[in-house]
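Engineer: Provided below are the primary sequence and the corresponding predicted coordinates.
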Amino acid sequence: MMQQATSQLTHLLEQNQQPATPKKLHLLPLVFLIFFEVAGGPYGEEQAVGAAGPLFAILGFLIFPFIWSMPEALVTAELATTFPGNGGYVIWAHRAFGPFWGSLMGSWKFLSGVINLASYPVLCIDYLKLVIPVISSGFPHYFAVFLSTCVLSFVNYTGLAIVGYTAVTLGVLSLLPFVILTIVAIPKIEPSRWISLGQKGVKKDWRLFFNTLFWNLNFWDNASTLAGEVEHPQSTFPKALFSAGLLTCLAYLIPLLAATGAIPLNQENWVDGYFADVAEIISGKWLKFFVEIGACLSIIGLYEAQLSSCAYQILGMANLGILPQVFEVRSTHFGTPWPGILLSTLIALAVSYLNFSNIISCVNFLYSLGMLLEFASFLWLRRKLPEIERPFRVPLGPPGLIVLCIVPSGFLVYVMVVATKTVYLVSALLTVFGVLWYFSMKLCKSRMWLAFKNVEEKLADEFD
């Protein structure tokens with residue numbers, strides 16, 4: 001009798017603590033979330049001009065999307081519509097090769113994402129300190145990073161739909177100064193400047209050039225972790241990826257053409273942040289200030305999009321039984337996965353106070369490992385599950401699919417080959433951590449120390 005009463009009481013408590021039904025993401029917010037996952041605007045593309053000159057920079061941002069971004073986006077569109085659940089690439093690796101590889105994919109992608117996340121509040125404060133000098137260093141600087149991280153994370157906690165429409169607003173405002181810059185620059189453009197191979201005596205830095213292209217045009221798969229929160233993902237995801245791809249290419253190319261065509265080339269000046277100086281040269285200090293404000297807004301958008309991806313990846317891993325069920329908990333008011341948001345925020349705060357030049361390189365290495373596993377999962381799932389319904393299907397046969405994946409995989413291998421010994425060491429340690437984490441979770445499950453979903457067991461027969 002007592003057991004029955006306790007059971008009824010538990011049931012009533014669970015009913016009262018049911019999370020709010022989260023609003024689904026529609027097409028426009030998803031487009032801008034993908035845009036911020038990948039780019040966030042032309043901020044950061046300046047180094048391509050400094051490394052190889054205007055012509056190669058223009059050709060790079062014109063051609064590279066077809067040989068790198070398009071394959072990644074096509075793979076994401078097919079897999080996200082075929083397996084439209086939270087977790088994205090973790091689900092794909094799990095279905096293709098089993099729970100171990102799903103967990104390792106989750107470790108690689110989560111670590112790369114959350115450490116990237118840590119850099120955004122720091123960059124935001126770096127821009128704000130131009131207006132508020134007191135936060136340049138010392139305790140005020142650290143407190144400003146802490147406060148901005150907490151505030152931005154709270155916005156994420158208030159709901160993915162709010163984050164999506166915030167991304168739309170931030171996207172429009174951060175791109176507006178470049179629309180103005182382009183219009184003002186048109187009368188000053190000399191097309192002959194576009195075909196410049198660079199200044200004489202300035203050596204080309206191809207490693208910097210390709211890294212700039214690579215890291216300004218990747219992460220197309222990050223939004224796949226939100227697939228379970230998208231309205232009609234089978235039709236919405238392909239449209240959103242295509243629209244975000246077009247927006248990203250235009251956001252890079254048009255300002256680049258305007259800036260390189262309107263001012264004489266001084267290649268050494270083309271470093272991160274130079275667009276603000278270009279704006280001042282073309283139209284005055286007011287436009288430079290507008291570009292700097294746009295950069296700050298873009299960073300906020302990058303943070304919100306990346307945090308959403310990390311948090312819903314954690315939720316998806318709990319749904320798969322890779323992480324404990326506690327990570328499935330959602331806010332009772334907003335329906336957001338607050339344990340994933342909290343975990344991502346705490347790690348980002350810890351990393352944000354470190355010197356992470358080498359750590360960011362390790363993050364890139366881990367991301368490359370994850371992408372190689374993602375392409376392998378895509379090809380294997382085509383062979384393993386040929387009859388499964390694919391609402392969006394890449395229109396290629398096996399040979400074409402292999403070529404589609406091999407070309408971008410070559411760039412991933414290049415990024416890994418040119419890494420330093422420190423990067424190899426730290427990446428190896430983080431990978432070992434991911435392996436140990438999987439077996440520790442497996443031990444917790446077998447000893448029933450923590451509660452897990454049984455999805456993993458249901459799918460285990462596929463890999464025996």
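Structural biologist: Yep, that arrived. Numbering: from 1, shown residues only.

Engineer: where are the low-confidence patches of the stretch 1-150 of the chain?
Structural biologist: 1-21 (pLDDT under 70).

Engineer: swap in the stretch 351-464 of the chain?
Structural biologist: 355-360, 455-464.

Engineer: For my notes, confirm residue 326 occurs in a strand.
Structural biologist: No. Read with DSSP: H, G, I helix; E, B strand; the rest coil, residue 326 is helix and lies in no strand.

Engineer: which element is the nearest residue to it once chain neighbours are set aside on?
Structural biologist: Nearest non-adjacent residue to residue 326, counting by Cβ to Cβ, 6 or more residues apart in numbering: residue 339, 6.1 Å away. C-betas here are computed from N, CA, C, even on glycine. Using DSSP states H and E, residue 339 sits in helix 338-352.

Engineer: What is that helix packed up against?
Structural biologist: Helix 338-352 sits against helix 99-128, helix 138-157, helix 285-319, with contacts defined as 3 or more Cβ pairs under 8 Å, 6 or more residues apart in numbering; DSSP states H and E.

Engineer: closest to residue 164 out of those?
Structural biologist: helix 285-319 (8.6 Å; Cβ to Cβ).

Engineer: and the closest one, average pLDDT?
Structural biologist: Mean pLDDT, helix 285-319: 94.

Engineer: angle of that helix against helix 338-352?
Structural biologist: Taking axes from the mean of the first three to the mean of the last three Cα atoms, to 10 degrees, one finds helix 285-319 and helix 338-352 inclined to each other by 130 degrees.

Engineer: So for helix 285-319, what gets flagged as buried?
Structural biologist: 287-319 (16 or more other Cβ atoms under 10 Å).

Engineer: repeat for stretch 215-234
Structural biologist: Those would be 216-230, 233-234, for stretch 215-234 by 16+ other Cβ under 10 Å.

Engineer: Straight-line length of it, end to end?
Structural biologist: Using Cα to Cα, to the nearest Å, one end of stretch 215-234 lies 28 Å from the other.

Engineer: Not counting its own residues, what contacts stretch 222-234?
Structural biologist: 22, 24-26, 30, 33-34, 37-38, 76, 79-81, 83-90, 113, 160, 236-237, 240, 305-306, 308-310, 312-313, 316, 391-392 (Cβ atoms under 8 Å, 6 or more residues apart in numbering).

Engineer: out of the residues you listed, which are buried?
Structural biologist: 22, 24-26, 30, 33-34, 37-38, 76, 79-81, 83-90, 113, 160, 236-237, 240, 305-306, 308-310, 312-313, 316, 391-392.

Engineer: now stretch 124-143: how far from the chain's centre is it?
Structural biologist: In this view, stretch 124-143 has its centroid 26 Å away from the chain centroid, taken as Cα atoms, centre = their mean, to the nearest Å.

Engineer: Any buried residues in that stretch, and which?
Structural biologist: 124, 125, 126, 127, 128, 129, 135, 141.

Engineer: Now do the third one against residue 190, distance only.
Structural biologist: Okay, so that is residue 126. Residue 126 is 33 Å from residue 190, where distance means Cβ to Cβ, to the nearest Å.

Engineer: Strands of the chain, residue ranges please.
Structural biologist: With DSSP state E, there are no strands along the chain.
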